[in-house]
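>>> how does the following fold in three dimensions:
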Amino acid sequence: MARTALVVGASGIVGGATAALLDEEGWVVHGLARRPIDQPGVTPVVADLQDAAATRAALRGIHPDAVFVMTWLRQDSEAENIRVNGAMVRNLLDGLPKPTSPRHVALVTGLKHYLGPFESYGRGTLPQTPFREEQGRLPVENFYYAQEDELFAAAVRDGFTWSVHRPHTVIGKAVGNAMNMGTTLAVYATLCRETGRPFAFPGSAAQWNGLTDMTDARQLARHLLWAADTPAAADQAFNVVDGDVFRWSWMWGRIAGWFGIEPVAFDGTVRPLAEQMAGDAKLWRRIAEREGLIEPDLARLASPWHTDADLGRPIEVVTDMSKSRRLGFIAYQPTDDAFMALFAQLRADRLIP
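Modelled structure (predicted):
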């Protein structure tokens, strides 16, 4: 019999890629979101995880073999992030019908586990790179930790296995997503080509010159499914990245080349995208109308603040994958290919010209 999955956050970058892979692998897929989108092979489940009673009602009759959780809501403070996002995981796990067979729950967090939350991002004493899973938690409040604690408590109560997955910046397609570097850079490159503005790297010298890595959403989806199917991966936390490393001084030229524009070498001046793109909403709407694009709202495609946070970090960020490799996960994804595949998909789907 086909196994059943519940993908929580199915309309997002990671959720969409995970739902697509599960459908391809023959799973029966339920996709939970506040505002579901049409996804082939996915049965939509409408729920607001902040409402415990509504969540329980929406999940009635769904008995998943595996649950994949990759959703969060950004709040104005870390205290509110903890309250809201911890409650969302708790309401989800409380609302599921109790397991009648073995169940696995996978939670996607990220490298803020090692770098700290937005309020104290990259500050203080941080673990040595490359980040390794045994480095543990920082001595600061972090909503990722609150989500994990809800997962661990429910696992003890209900008897399911769990896995925690910590990607670096994720490359993938979604509209209206709060953390979307790939589409943000595609929109920025399109605007530079349209106006003749320089395609200038917006970040720091540390990111321009240092080594880094990223995570293709499809690679993360493969990792999630691998952990659900691998007994040795049960009750473990894992880093997950593409498997290559690069410098933005090289990647910037690769991205520029795809759009047919010239890259501008970093000259030591930080030029945040939030400032460069601040007045571009009307221009993007004109481009969208002229080119017949399906999303004229710049704010639903680009997240300059998040891209600035990643590319502006003053420290090297490299991630170790040895734990997964030792247990048999050997999938590999060149990051430049991930960017190019995303750009081609965005063009094919009429999100960029």
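>>> could you list the low-confidence segments of the stretch 101-250 of the chain?
Scanning the stretch 101-250 of the chain for pLDDT under 70 picks out the ranges 122-124.
>>> now do the same for Asp149: helix, strand or coil?
Secondary structure, DSSP: H, G, I helix; E, B strand; the rest coil: Asp149 is helix.
>>> what bits of the stretch 251-353 of the chain have low per-residue confidence?
By pLDDT under 70, the stretch 251-353 of the chain has no low-scoring segment.
>>> would you list every one of the strands in it?
263-264 (DSSP state E, counting those that start in this stretch).
>>> what do you get for the stretch 1-150 of the chain?
Going by DSSP E, counting those that start in this stretch, the stretch 1-150 of the chain shows strands at 4-8, 28-33, 42-46, 66-69, 104-108.
>>> in a markdown table: those strands, plus mean neighbour count.
Backbone N, C-alpha and C define where each C-beta goes, glycine included. As requested, the strands of the stretch 1-150 of the chain are exported to a markdown table (neighbours: other Cβ atoms under 10 Å):
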| stretch | mean neighbour count |
| --- | --- |
| strand 4-8 | 27 |
| strand 28-33 | 24 |
| strand 42-46 | 17 |
| strand 66-69 | 28 |
| strand 104-108 | 26 |
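>>> in JSON lines, list the ones you listed along with distance to Trp305.
Shown next, in JSON lines, are these (distance: least, Cβ to Cβ, whole Å):
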{"stretch": "strand 4-8", "distance to Trp305": "24"}
{"stretch": "strand 28-33", "distance to Trp305": "23"}
{"stretch": "strand 42-46", "distance to Trp305": "28"}
{"stretch": "strand 66-69", "distance to Trp305": "24"}
{"stretch": "strand 104-108", "distance to Trp305": "20"}
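>>> quick one: closest of those to Ala174.
strand 28-33 (10.9 Å; Cβ to Cβ).
>>> quick one: the closest one to strand 42-46, angle?
For strand 28-33 against strand 42-46, the angle by axes from the mean of the first three to the mean of the last three Cα atoms, to 10 degrees is 30 degrees.
>>> could you shift the numbering so residue one becomes 586, and keep it that way?
That works, and once the first residue is 586, the last one we named lands at strand 613-618.
>>> what lines up beside strand 613-618 in the sheet?
strand 589-593 (parallel), strand 627-631 (parallel) (DSSP bridges).
>>> show me what it is in contact with.
587-597, 600, 604, 607-608, 624, 626-632, 643-644, 647, 649, 656 (Cβ atoms under 8 Å, 6 or more residues apart in numbering).
>>> let me know how buried the nearest residue to Arg722 once chain neighbours are set aside is, in neighbour terms.
Spatially, and ignoring its direct neighbours in sequence, Arg722 is nearest to Tyr730 (5.7 Å; Cβ to Cβ, 6 or more residues apart in numbering). Neighbour count of Tyr730, defined by other Cβ atoms under 10 Å: 18.
>>> doesn't Gly721 make contact with Tyr730?
No. Using Cβ atoms under 8 Å, Tyr730 is not in contact with Gly721, being 10.3 Å away.
>>> Pro761 contacts Ser888, doesn't it?
For residue 761 the amino acid is Gly, not Pro. No. Gly761 is beyond contact range of Ser888, at 9.7 Å (criterion: Cβ under 8 Å).
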